[in-house]
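*Asks:* show me how the following folds:
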Amino acid sequence: MSNFNWGILGPGGIAKAFATDLKLLDGHSVAAVGSRTLKNAQDFVNTFGGTAYGSYEALVADPSIDAIYVATPHPAHKDNVVLALNAGKPVLCEKPFAVNAKGAQEMVAAAQKNNVAMMEAMWSRFLPHYAQVREIVASGVLGKILTVHADHGQRLADQDIARLVEPALAGGALLDLGIYPVSFAHMVLGNPTKITASGVLTDKGVDAQTSMIFDYADGAQAVLNTTMIEQTPCRAVVAGVDGWLEIDRVFYTPTSMRVTLFDGSVTEYPTNYTGHGLREQAEAFKKLVQSGHTQSAILNWKDTVDIMQTLDSVRSQIGLRYPFEN
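*Replies:* Numbering: from 1, shown residues only. All right, here's what the predicted structure looks like:
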């Protein structure tokens, strides 16, 4: 397998986790890092290697780079992704893909125009146990799926993390944490026909907690919650008329799960996974780029835009609007 050279755009915490997980993969390397300041890029390459660039423009112009991993704050994603796509570079963009569906659609348009591969870095979709979830649901062993429960809560609001609390950075629980249960429900049930949401806003106007009920055309429902006020179990359940699938804490990371059928039989799915879980998406994206295709079959552009449209609807209902939105 040929080596795949990554350019990291934005050397923050998630970029460090991504680069660390890449070390567990053969055929991948961090070849360059771009930051708004050269010092930050140099600090990153001192740990992970590669060439340091003091601008994003210099990074995407590097001819040795096979793909760009965008790991900047949410509101910067659209401009950063379009910059890389216009330079002819395939892009793996951190979740949430954009701050709204309009931005996501503009990113898709840029990928189409340049005929370049692009994928949302919703890393959970590419994990082994999520593949098992899809297989179990598709097998019919649970019967008709009628209910999905998922929660994601972390005690972060009192930790003074700017990207979570500042409206100018698209803060709040929904985009940063809530995208996990929302994306999970989309994977299992598709697009809802009705969305009911209620949120509790902070004094700065971002959501501290949001609860959602999604209704589907076939009578199914998803009951989802996200909060940045307190820690929650972070589990997920997919229930059908013949049984349920229960995913243990933390459901969107490599973890154990089990299927309990109506007859009382239980099948365990233990885990012995090593690492954070970010490397599967990297390998999937490498294969996508090398195949010459532009979209992932696991998470295509329509999926990503549809999820952003769902998040837009939730935000509208709870009164969450960012100051940079027109």
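
*Asks:* and residue 324, what does it touch?
*Replies:* By C-beta atoms under 8 Å, 6 or more residues apart in numbering, the contact set of residue 324 is 75, 99, 168. For glycine as for every other residue, the C-beta is placed from the backbone atoms N, C-alpha and C.

*Asks:* most neighbours, which of the residues you listed?
*Replies:* Ranked by the number of neighbours (other C-beta atoms under 10 Å), these place residue 99 first, at 24 neighbours.

*Asks:* now the contacts of residue 324 in CSV, with distance to residue 303 and secondary structure?
*Replies:* Listed next are those as CSV, based on distance: C-beta to C-beta, whole Å; DSSP: H, G, I helix; E, B strand; the rest coil:
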residue, distance to residue 303, secondary structure
75, 22, helix
99, 17, coil
168, 28, helix
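
*Asks:* dump those residues to TSV, plus pLDDT and distance to residue 319.
*Replies:* TSV is the format used below for the contacts of residue 324 (pLDDT from 0 to 100; distance: C-beta to C-beta, whole Å):
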residue	pLDDT	distance to residue 319
75	96	19
99	97	16
168	96	17
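
*Asks:* could I get the buried residue list for the helix or strand bottoming out on mean pLDDT in the chain?
*Replies:* Taking mean pLDDT, DSSP states H and E as the measure, helix 162-165 is the helix or strand of the chain with the lowest mean score, a mean of 93. Neighbour-count burial for helix 162-165 flags 163, 164, 165 (criterion: 16 or more other C-beta atoms under 10 Å).

*Asks:* just the closest of these to residue 202, please.
*Replies:* Residue 202 lies nearest to residue 165 out of the buried residues of helix 162-165, by C-beta to C-beta, at 6.7 Å.

*Asks:* and the closest one, what is it in contact with?
*Replies:* Residues near residue 165 by C-beta under 8 Å, 6+ apart: 157, 171, 202, 204, 206.

*Asks:* where do the strands of the chain begin and end?
*Replies:* Remark: strands assigned in the chain by DSSP state E are 4-9, 28-34, 51-53, 67-70, 91-94, 118-121, 145-153, 194-201, 207-215, 221-227, 236-240, 243-247, 257-261, 266-269.

*Asks:* quick one, which of those is nearest to residue 104?
*Replies:* strand 118-121 (8.6 Å).

*Asks:* can you pull out the low-pLDDT segments for the protein?
*Replies:* The model of the chain has pLDDT under 70 over residues 1, 326.

*Asks:* okay, helices next: where are they in it?
*Replies:* Applying DSSP state H to the chain gives helices spanning 13-22, 38-48, 56-60, 77-86, 101-114, 128-139, 162-165, 173, 179-189, 279-291, 301-318.

*Asks:* so which of those is the most packed in?
*Replies:* Highest mean neighbour count of those: helix 173, a mean of 28 (counted as mean count of other C-beta atoms under 10 Å).

*Asks:* can you name every helix or strand that that helix contacts?
*Replies:* Contacts defined by 3 or more C-beta pairs under 8 Å, 6 or more residues apart in numbering; DSSP states H and E place helix 173 against strand 207-215.

*Asks:* who touches the strand it packs on?
*Replies:* With C-beta under 8 Å, 6+ apart, strand 207-215 has contacts from 153, 157, 172-174, 178, 182, 185, 189, 192-202, 221-229, 310, 314, 318, 320.

*Asks:* circling back: just the CA atoms of the least confident helix or strand of the chain, as CSV, please.
*Replies:* The C-alpha trace of helix 162-165 is given here as CSV (Å, rounded to 0.1, in the frame of the first residue of the first chain):
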residue,chain,number,x,y,z
ALA,A,162,-14.6,29.1,24.4
ARG,A,163,-15.7,27.0,21.5
LEU,A,164,-18.5,25.6,23.6
VAL,A,165,-19.8,28.7,25.3
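
*Asks:* and the next helix or strand past it?
*Replies:* Downstream of helix 162-165, the next assigned helix or strand under DSSP states H and E is helix 173.

*Asks:* name the residues that touch that next one?
*Replies:* With C-beta under 8 Å, 6+ apart, helix 173 has contacts from 153, 164, 206, 207, 208, 209, 210, 226, 227, 228.

*Asks:* select, out of the strands of the chain, the one closest to residue 59.
*Replies:* Among these, the nearest to residue 59 by C-beta to C-beta is strand 28-34 (2.9 Å).

*Asks:* how far away from the center of its chain is the closest one?
*Replies:* 21 Å (C-alpha atoms, centre = their mean, to the nearest Å).

*Asks:* how about stretch 116-127?
*Replies:* The answer for stretch 116-127 is 7 Å, by C-alpha atoms, centre = their mean.

*Asks:* stretch 121-141 now?
*Replies:* With C-alpha atoms, centre = their mean, you get 15 Å for stretch 121-141.
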